[in-house]
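Enquirer: Dropping a prediction and its sequence here:
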Amino acid sequence: MSVRTVLHRGPKGRKFAAVTLDWPGWSRGAKGPDVAIETLEAYRERYRPVARLAGLEPEFEAAGPLDMVEDTTATGMTDFWGISFTSSSLEHGPMPDDELERRLALLQAAWRFFDEVAARVSPELQKGARGGGRDRDEIVRHVFGSEREEYAKKVGVRTEPGVMLTPDGLRTHREHYVAGIREHNVDGMAGRFWTLRFLIRHTAYHVLDHAWEMEDRDLSES
């Protein structure tokens, strides 16, 4: 029950991303490979609510140590952002129905977790050392915009601007996105270059990365 993990190295060795293959969204980056892996492990407890929302907490509880199954050079996005921005060699091909539905349950749990965090954090978030950083509503719009403009289109879903800012519109968009992923699982690809496994985990990563950012910068308890 070890946790299959991949290390993606930036081509210039500036940053690294450690990714779990079977828990979409549980991914962390750093300036060194060991630190990226240590940070990934440190986020195990922060990922637990997502597993719980997906109904997979017992499986998550039983998950063992991180098991490095691949160490590979990724794209320049890893050097720049410290994120995984490419599929691993273990993420190709269509998924069996049970695997697909498990991954979709975790993606939907990540969405729900993001919504719950956005509903409880302060509208104004703590600024960075130089006074920068998006506030809550700006983060929400950024996450929705990236999903609408970049990710969902890869499975044929085209949502009009502003639709996701209404509860009904957001629900409909997500339903269409999940349906699009199911339809594209025939060949396992999202568009020409992304595999579906990567699309699911990258979407979940982006959602959770900003959910955790909002938690870390929340001023509600200040």
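Expert: Everything's here; your move.

Enquirer: pLDDT score assigned to the residue nearest to L199 when sequence neighbours are not counted?
Expert: Spatial nearest neighbour of L199, excluding adjacent residues (CB to CB, 6 or more residues apart in numbering): A190 at 4.2 Å. No exception for glycine: its C-beta is placed from N, CA and C like everyone else's. What the model reports as pLDDT for A190 is 93.

Enquirer: in the sheet, who's paired with A190?
Expert: On the basis of DSSP bridges, A190 is bridged to W194.

Enquirer: so how far is L40 from it?
Expert: 24 Å (CB to CB, to the nearest Å).

Enquirer: Between those two, which has more neighbouring residues?
Expert: The residue with more neighbours, out of A190 and L40, is A190; 26 against 23, by other CB atoms under 10 Å.

Enquirer: which residues does that one contact?
Expert: Residues near A190 by CB atoms under 8 Å, 6 or more residues apart in numbering: K154, V155, I181, H184, L196, F198, L199.

Enquirer: Then M164?
Expert: Counting by CB under 8 Å, 6+ apart, M164 has contacts F144, E147, R148, L170, H173.

Enquirer: pretty sure the last one contacts R148?
Expert: Read that as H173. Yes - when contacts are counted by CB atoms under 8 Å, H173 is listed as touching R148 (7.1 Å).

Enquirer: list residues touching both of the two?
Expert: Taking CB under 8 Å, 6+ apart as the contact rule, H173 and R148 both touch T159, V163, M164.

Enquirer: you'd agree the last one is in a helix?
Expert: Read it as M164. Yes - under DSSP: H, G, I helix; E, B strand; the rest coil, M164 falls within a helix.

Enquirer: Per-residue pLDDT of it, please?
Expert: On the pLDDT scale, M164 gets 97.

Enquirer: Please determine how far it is located from D218.
Expert: Note on M164: its distance to D218, by CB to CB, is 22 Å.

Enquirer: Repeat that for E61.
Expert: Counting by CB to CB, the gap from E61 to D218 is 27 Å.

Enquirer: For those two, indicate the residue with more neighbours.
Expert: D218 (17 against 11).

Enquirer: all helices for this structure, in order.
Expert: Counting by DSSP state H, the chain has helices at residues 33-42, 44-53, 57-62, 76-81, 97-120, 136-146, 167-184, 196-217.

Enquirer: what sits up against the fourth one?
Expert: The set of residues external to helix 76-81 that reach it, using CB under 8 Å, 6+ apart, is 8-17, 29, 83-86.

Enquirer: could you redo the last one with a cut-off of 10 Å?
Expert: Helix 76-81 has contacts (CB atoms under 10 Å, 6 or more residues apart in numbering) with 8-17, 29, 36, 83-86.

Enquirer: and which of those residues is nearest to W212?
Expert: Minimum distance to W212 across the contacts of helix 76-81 is 12.7 Å, recorded for G29 (CB to CB).
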